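Participant: here you go, sequence then predicted model.
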Amino acid sequence: MLPAWDRVTIQETGEEGTQVASVIQIPASPSLPLHSSLLTLSSSLHSGHAASLPPSCLSLATSSLLSLLLAHYTSLAADRLPQNLALQFSFDLRFLQTLLVSREAKDGLAPAFSCLLGRLEANIDPFDLSVFTGHLATRVRWAAARSVSGLGCLVPGDRVSLVTSYKPQIGRASC
């Protein structure tokens, strides 16, 4: 279920003032079940000539999808999760928020996303979370930019230009 993760070398200052290098692993893409489900839905909409549908229909489809996914991730977050799974689910939710939440829907969905992210991230060591957060945000933006064309009919119009403007991370570590 979990895709390959990026390895990132970080520098920390040890107790004696020495530099200590550590390698951490960060999710680089949404989980396979989420991504394949989104691609399947998008493909189904395209087969029905999504471009001919009124924007309000596509907006309703995206809103319904987000409601279903929030409910699903809420049920997954009900139990204690291993840190790596919680980190992947955090990536997934940030990916959905970045790619599929329109400006109009943002105020209504932000509390649900925030609460759910808090529940998931409670499963991650606070120090690790502080180290992972910046790396995770960069990878979420890049994954969203890569996914715009495949999920185009689900992406709100106001998100397309913003998400496609995200540039790949320079010097990105490989798996």
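Facilitator: That came through fine.
Participant: how far away is residue 68 from residue 148?
Facilitator: Noted for residue 68: a distance of 21 Å to residue 148, by C-beta to C-beta, to the nearest Å. Bear in mind the C-beta positions are built from the backbone N, C-alpha and C, glycine included.
Participant: these two: which is more packed in?
Facilitator: residue 148 (18 against 11; other C-beta atoms under 10 Å).
Participant: sketch out the strands for this structure, chain order is fine.
Facilitator: 5-13, 19-27 (DSSP state E).
Participant: possible to save these as JSON lines with distance to residue 165, mean neighbour count and mean pLDDT?
Facilitator: Listed next are the strands of the chain as JSON lines, based on distance: least, C-beta to C-beta, whole Å; neighbours: other C-beta atoms under 10 Å; pLDDT from 0 to 100:
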{"stretch": "strand 5-13", "distance to residue 165": "22", "mean neighbour count": "13", "mean pLDDT": "81"}
{"stretch": "strand 19-27", "distance to residue 165": "22", "mean neighbour count": "14", "mean pLDDT": "83"}
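Participant: could I get those strands as TSV with distance to residue 143?
Facilitator: Shown next, in TSV, are those (distance: least, C-beta to C-beta, whole Å):
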stretch	distance to residue 143
strand 5-13	11
strand 19-27	9
